[in-house]
Structure formats: structure tokens, C-alpha cells
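Enquirer: Here you go, sequence then predicted model.
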Amino acid sequence: MRIFYILAALVCMQTSAFAEHHGDADKAAIKAAVYDYFHGQGEASEERLFRAFAADHATMVGVIRNDQGEDSVRSWKDMNEVLANWAANENPPGGDRDGEILHMNVVDGRIATVLFRSADRFYDALTLAKVNGEWKIVAKAFVLQ
């Protein structure tokens, strides 16, 4: 009977180690997608931007100031157009901007939320989904600082 408990404990430890390693790989891939978006925008890199987003299906919503100085909500439903505009920026802010992931939550190895801060510019709430084994941004909500 003692052997059974030892074997059961070994199986649990291996399963836990696999899940932890798998979680680390997912977190690294999510981080890579988020920084492809952030640095891709800063570098006006079409390749990085389209690698980060599921552009055909992603959306963006933001709280911005309108012409009267009041907060208003604006949405963009065609991320292909948004990403193309970011990539066409003739004077991008540069890839060495200050930005950081404040919080990351991964659920079931298939969906994740990331809170991201860009110094003195904006806060993003990003939703990512694992699509064909790759993490892609499927939604972006932001507020300007």
C-alpha cells in the first residue's frame, strides 16, 4: 500500500511540474504578443502588430476626451485598418518607450487578460485567446492618462 502512495505522489508531482512548465510557456507567449503590439506600434512595424492581434476579429474601445473636453467612449471594429494606420505612422514614437505589464491572468490555458501601462500615455486592458496554438490579442480597451 505504501508503494501506491509513493507512486501517486510522484504522478501528482509530475503533473504539477508539467502544468507549471506549460503555464510558464503560455505566460512567455502572452508577454511576447503584448510586447509585439506595444513595440510594433512604437516602431510602426506592420509585422509585429499583425503578429500580436487576431486582426480579422479583434476590436478596440477607448475612453477619450471629445472636442468639448468630456470623456466619451469610442470603438473601432476593424482592427485591420487600425493596425495598418499604426504601421503607416511616418513619425512613430520609437521602440524604446517605457511600458510594463501590471497584471496577467491566464484561465484554462486558452484565455488571458493583461493590464498594461504605457508611461504617461495610456492604460490597456487586453484580452488574449490561444488561436491554433498562438496567443493573439482579441480585444483592447484603453484609457488615456
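Expert: That came through fine. Numbers count the residues shown, from 1 in each chain.
Enquirer: Which residues are in contact with the most centrally placed residue in the chain?
Expert: Centroid-nearest residue in the chain: V34, 3.9 Å away (criterion: CA atoms, centre = their mean). V34 sits next to A52, I101, V114, F116, L126, L128, I137 when contact means CB atoms under 8 Å, 6 or more residues apart in numbering. C-betas here are computed from N, CA, C, even on glycine.
Enquirer: Name the secondary structure element that contains it.
Expert: helix 2-43 (DSSP states H and E).
Enquirer: Show me what counts as buried in the helix or strand following that helix.
Expert: Using DSSP H and E, the helix or strand that follows helix 2-43 in sequence is helix 46-52. Under the neighbour-count criterion of 16 or more other CB atoms under 10 Å, helix 46-52 has R48, L49, F50, R51, A52 buried.
Enquirer: tell me which of the residues you listed is nearest to D96?
Expert: For the buried residues of helix 46-52, the closest approach to D96 (CB to CB) belongs to R48, at 14.2 Å.
Enquirer: isn't that closest one right up against H39?
Expert: Yes. With contact defined as CB atoms under 8 Å, R48 reaches H39; the gap is 6.3 Å.
Enquirer: shaky segments in this structure?
Expert: For the chain, the stretches with pLDDT under 70 are 1-22.
Enquirer: Please repeat the previous calculation with a cut-off of 80.
Expert: Where the chain drops to pLDDT under 80, the residues are 1-22, 95-96, 120.
Enquirer: which neighbours does the strand or helix carrying S75 have in its sheet, and in what orientation?
Expert: Here S75 sits within strand 71-76, counting by DSSP H and E. Strand 71-76 sits in its sheet next to strand 59-65 (antiparallel), going by DSSP bridges.
Enquirer: wait, what's in contact with D124?
Expert: V114, L115, F116, R117, S118, K140, A141, F142 are the contacts of D124 under CB under 8 Å, 6+ apart.
Enquirer: now, which of these sits nearest D67?
Expert: Looking across these and measuring by CB to CB, the closest to D67 is F142, at 19.2 Å.
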